[in-house]
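Student: the following comprises the amino acid sequence and a computationally predicted model.
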Amino acid sequence: MRTFAVFFFVAMLCSSLDAKEFRPVDAKVVFSVTEETLETMPAWTPGSGQLPVSAADAIQIAAAFHKRIAPHGRNDTFVFDLAGATLVRAEKDRWYWVVQYRVHYDPVAKRNSIGGGWVGPMPKQSLYPVLMNGKLAPHQPISRKVPAAIQPANESGGSEGADRK
């Protein structure tokens, strides 16, 4: 059993290190870093010269998008602080930056419908992937569609839940 637990932990750690989708807090989009996208980026080898995009440039690019979500470093519920930029190595000498904002609960935020404060899981960070072409990774709107497997019975032919939306 102990061996299984160690194996499970290592597998989870490896899968989280290979994450290629990024959804910043309160963003209506998901950024995706794919092999196909990275193949179109310039290659860079450590020690071979300057990066095509510096850390300062990556932070500026991410900040431009982030300001649409939190124009004054905050939104109705959270306060955001720039935490840094991490250079991430992908396959075939392809690299990209991940710019991170720390997310803090704002106790002064407006009250919610339950009575006050944040109700829900506490996000810890917002991550923005910046590619070596000087742009954010491609992004798509988040689908609000409920998967077919969990649709109410009335939408799949049954009669139960006919009034729900």
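Tutor: Yes, it's here.

Student: three-state assignment of A64?
Tutor: When classified by DSSP: H, G, I helix; E, B strand; the rest coil, A64 comes out as helix.

Student: distance check, it against H139.
Tutor: 13 Å (CB to CB, to the nearest Å). For every residue, glycine as well, the C-beta is placed using N, CA and C.

Student: between those two, which one's more packed in?
Tutor: The neighbour comparison of A64 against H139 (other CB atoms under 10 Å) goes to H139, with 19 against 11.

Student: what's opposite the more buried one in the beta bridge?
Tutor: F31 (DSSP bridges).

Student: next one: P129
Tutor: V98.

Student: for the spatially closest residue to R89 that is not a sequence neighbour, report the pLDDT, please.
Tutor: Distances taken as CB to CB, 6 or more residues apart in numbering put W95 closest to R89, at 5.6 Å, once the chain neighbours are dropped. pLDDT for W95: 95.

Student: for T37, see how far away the residue lying closest to Q140 once chain neighbours are set aside is.
Tutor: Take Q140 and drop its neighbours on the chain: the residue closest to it by CB to CB, 6+ apart is V30, 5.9 Å away. Relative to T37, V30 is positioned 14 Å away (CB to CB).

Student: ok, now A58?
Tutor: On the measure of CB to CB, A58 and T37 end up 16 Å apart.

Student: and the two? Which one has more around it.
Tutor: A58 (25 against 18).

Student: quick check: the gap between F80 and V25.
Tutor: Taken as CB to CB, the span from F80 to V25 is 8 Å.

Student: mutual contacts of those two, please.
Tutor: 103, 126 (CB atoms under 8 Å, 6 or more residues apart in numbering).

Student: who's more crowded, these two?
Tutor: More neighbours surround F80 than the other of F80 and V25, with 23 against 18 (other CB under 10 Å).
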